[in-house]
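Trainee: Generate coordinates for the sequence data below:
(chains A and B)
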There are 2 protein chains.
Amino acid sequence: MKTAKNRTTIRKYKETEVGQDLLNELLETACRASTCGNMQLYSIIVTRDPEMKAKLSPAHFNQPMVKSAPVVLTFCADFNRFTHWCLDRKAEPGYNNFQSFMNAAMDTLIVAQAFAMLAEEKGLGICYLGTTTYNPQAIIETLHLPRLVVPVTTLTVGYPDECPALTDRLPLEAVVHPEVYEDYTPERIDRLYAYKESLPENARFIQENHKETLAQVFTDVRYTRKDNEAMSANLLKVLEEQGFMG
Amino acid sequence: MKTAKNRTTIRKYKETEVGQDLLNELLETACRASTCGNMQLYSIIVTRDPEMKAKLSPAHFNQPMVKSAPVVLTFCADFNRFTHWCLDRKAEPGYNNFQSFMNAAMDTLIVAQAFAMLAEEKGLGICYLGTTTYNPQAIIETLHLPRLVVPVTTLTVGYPDECPALTDRLPLEAVVHPEVYEDYTPERIDRLYAYKESLPENARFIQENHKETLAQVFTDVRYTRKDNEAMSANLLKVLEEQGFMG
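Mentor: Modelled structure (predicted):
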């Protein structure tokens, strides 16, 4: 609990290796997490080889953690293994569809977050790479992912070589709704985002990007409609290519 | 770590309430988990009211946990709040697309699993309801979810009133691939699934369902092509209705 309360994302790692025994213990324990019908609809690719990290790096827009972290874990939604099992057991699998992808993606994220929390408890630091679904083709090619396997998220893992300050979060009442969803009035938005908007680092962020509001930094620079629409089309194409759209 | 190693899903709960202070502490700590660009793209609906549980129950195929758990948490992918903030800040949001849904769904599952592990550490038991994406319309209606909000998963939460045996998992080598994905040969499938197939409860499962293999119980009874295809079409329709398909 204490670890979870004070955690931050870690992007700089010591050169210290993450031992194979520790990694296996963490992965094995993470696999105790809930899984859809106990099907374990995921695969985890462990990258330690510097050449493999260099190959993965461009898919993650060359974020330095990919090359500098001792371990990179690519968590993949996987209905291939289960489908093989069915075919080898006179059973006719019907998992080449969107719902099956979603079931597998959920299993995958649950096991990834279980791993993240267990690793942090052991003094490791992690960073999620959201870029995983932005350029999935490059990852699929590099890691030799077959049909019915799609990379969903990536964790870089290592011993922390930085100690960043806690990042802000919205007040709990912003994200929790008792009984029914209470939609947001402008007054409520003002109140809920006041603290975030008051932070000096966010003022700097606005200035550096020559914008008027913090929200504009998100819509015009970081998460633009143009990028989102291109990535949406690409991700749906990848689901099709990997056999999840029927 | 010890808790995580020995955890099981809990479907029977004591009548003991889950105090609001404890629940808030768990939710607040769970919100420290990683989130895409610190956007916190989720909302969590807390159901305690027995009438609301009764309304949610059919959407979850009347699984008894919905009515018997003291707390039901519906975790929703939410780009509505962020979009409101943008519109109120002279920023033009572009989040009505599939990639944005996926980013929000990932945030949502990460916070759900963070909550699950923290709750278990405090002696609570949880059960994930995969049914959340099977009948999302009924949940959307009951919980008054607006556009750009989609229920992704549900946790029932309470103090355990059962102590189930650990369920089996595949050996770690079945789900972890060093450096590149190693596809599965029939011999490897035999080896990896041997323990699961040797379990008496699975033999019983085959017999009760009048099937020849365990895999057939999955393909013909539990997760059929027909159901998966119907749910896929429905889920894509819901993403469209909730504004996530452009």
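Trainee: From here on, just use CA atoms for contacts and neighbour counts.
Mentor: OK.
Trainee: Now do the SS call for the residue nearest the centre of chain A.
Mentor: Nearest residue to the geometric centre of chain A (C-alpha atoms, centre = their mean): residue A:153, 3.6 Å. In three-state terms, and counting by DSSP: H, G, I helix; E, B strand; the rest coil, residue A:153 is strand.
Trainee: Look up how far residue B:106 lies from it.
Mentor: Using C-alpha to C-alpha, to the nearest Å, residue A:153 is found at 9 Å from residue B:106.
Trainee: now swap in residue A:161 and tell me
Mentor: Distance, residue A:161 to residue B:106, using C-alpha to C-alpha: 27 Å.
Trainee: okay, now residue A:191: neighbour count?
Mentor: When neighbours are counted by other C-alpha atoms under 10 Å in any protein chain shown, residue A:191 registers 12.
Trainee: That one belongs to a helix, doesn't it?
Mentor: Yes - with three-state DSSP as the criterion, residue A:191 is part of a helix.
Trainee: show me the contacts for the spatially most distant residue from the centre of chain A.
Mentor: Relative to the centre of chain A, the most outlying C-alpha is that of residue A:90, 35.4 Å out, by C-alpha atoms, centre = their mean. Counting by C-alpha atoms under 8 Å, 6 or more residues apart in numbering or on different chains, residue A:90 touches B:213, B:215, B:216.
Trainee: Excluding sequence neighbours, find me the nearest residue to the last one.
Mentor: If I follow you right, that is residue B:216. Leaving aside its sequence neighbours, residue B:216 sits nearest to residue A:91 (C-alpha to C-alpha, 6 or more residues apart in numbering or on different chains; 4.8 Å).
Trainee: so what's that neighbour up against?
Mentor: Residue A:91 neighbours (C-alpha under 8 Å, 6+ apart): B:213, B:215, B:216, B:219, B:220.
Trainee: any chance of those in a markdown table, with secondary structure and neighbour count too?
Mentor: As requested, these are exported to a markdown table (DSSP: H, G, I helix; E, B strand; the rest coil; neighbours: other C-alpha atoms under 10 Å in any protein chain shown):
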| residue | secondary structure | neighbour count |
| --- | --- | --- |
| B:213 | coil | 19 |
| B:215 | helix | 24 |
| B:216 | helix | 23 |
| B:219 | helix | 20 |
| B:220 | helix | 17 |
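Trainee: Which single one of those residues is nearest to residue A:177?
Mentor: Nearest to residue A:177 out of the contacts of residue A:91 is residue B:219 (C-alpha to C-alpha; 37.7 Å).
Trainee: Now do the closest one against residue A:83, distance only.
Mentor: Applying C-alpha to C-alpha to residue B:219 and residue A:83 gives a distance of 10 Å.
Trainee: Can you pull the residues that touch both of these two?
Mentor: Counting by C-alpha under 8 Å, 6+ apart, the common neighbours of residue B:219 and residue A:83 are residue A:93.
Trainee: Chain A: helices as residue ranges?
Mentor: A:2-6, A:20-30, A:50-56, A:65-68, A:80-87, A:98-121, A:136-143, A:172-175, A:186-198, A:200-208, A:214-217, A:225-241 (DSSP state H).
Trainee: Would you mind giving those as CSV with mean pLDDT and distance to residue A:39 added?
Mentor: Compiled in CSV, those are given as follows (pLDDT from 0 to 100; distance: least, C-alpha to C-alpha, whole Å):
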stretch, mean pLDDT, distance to residue A:39
helix A:2-6, 95, 28
helix A:20-30, 98, 15
helix A:50-56, 98, 28
helix A:65-68, 98, 30
helix A:80-87, 98, 7
helix A:98-121, 98, 9
helix A:136-143, 98, 22
helix A:172-175, 98, 31
helix A:186-198, 98, 40
helix A:200-208, 96, 43
helix A:214-217, 98, 41
helix A:225-241, 98, 20
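Trainee: Just put the ones you listed in JSON lines and tack on distance to residue B:26.
Mentor: Output for the helices of chain A, formatted as JSON lines (distance: least, C-alpha to C-alpha, whole Å):
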{"stretch": "helix A:2-6", "distance to residue B:26": "10"}
{"stretch": "helix A:20-30", "distance to residue B:26": "20"}
{"stretch": "helix A:50-56", "distance to residue B:26": "36"}
{"stretch": "helix A:65-68", "distance to residue B:26": "30"}
{"stretch": "helix A:80-87", "distance to residue B:26": "34"}
{"stretch": "helix A:98-121", "distance to residue B:26": "14"}
{"stretch": "helix A:136-143", "distance to residue B:26": "34"}
{"stretch": "helix A:172-175", "distance to residue B:26": "11"}
{"stretch": "helix A:186-198", "distance to residue B:26": "20"}
{"stretch": "helix A:200-208", "distance to residue B:26": "27"}
{"stretch": "helix A:214-217", "distance to residue B:26": "29"}
{"stretch": "helix A:225-241", "distance to residue B:26": "32"}
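Trainee: do you know which of those helices lies nearest residue B:142?
Mentor: Closest among the helices of chain A, using C-alpha to C-alpha: helix A:172-175, at 17.9 Å.
Trainee: Pull out the buried positions in that closest one.
Mentor: For helix A:172-175, the neighbour count (16 or more other C-alpha atoms under 10 Å in any protein chain shown) marks A:172, A:174, A:175 as buried.
Trainee: Closest to residue A:72 out of those residues?
Mentor: Nearest to residue A:72, judged by C-alpha to C-alpha, of these is residue A:175 at 30.9 Å.
Trainee: my guess is the closest one contacts residue B:46, does it?
Mentor: No - using C-alpha atoms under 8 Å, residue A:175 is not in contact with residue B:46; the gap is 10.6 Å.
Trainee: Mind listing the shared neighbours of residue A:153 and residue B:106?
Mentor: Residues touching both residue A:153 and residue B:106 (C-alpha under 8 Å, 6+ apart) are residue A:109.
Trainee: Which members of the buried residues of helix A:172-175 additionally contact chain B?
Mentor: Counting by C-alpha under 8 Å from any C-alpha of the partner chain, A:172, A:175 from the buried residues of helix A:172-175 sit close to chain B.
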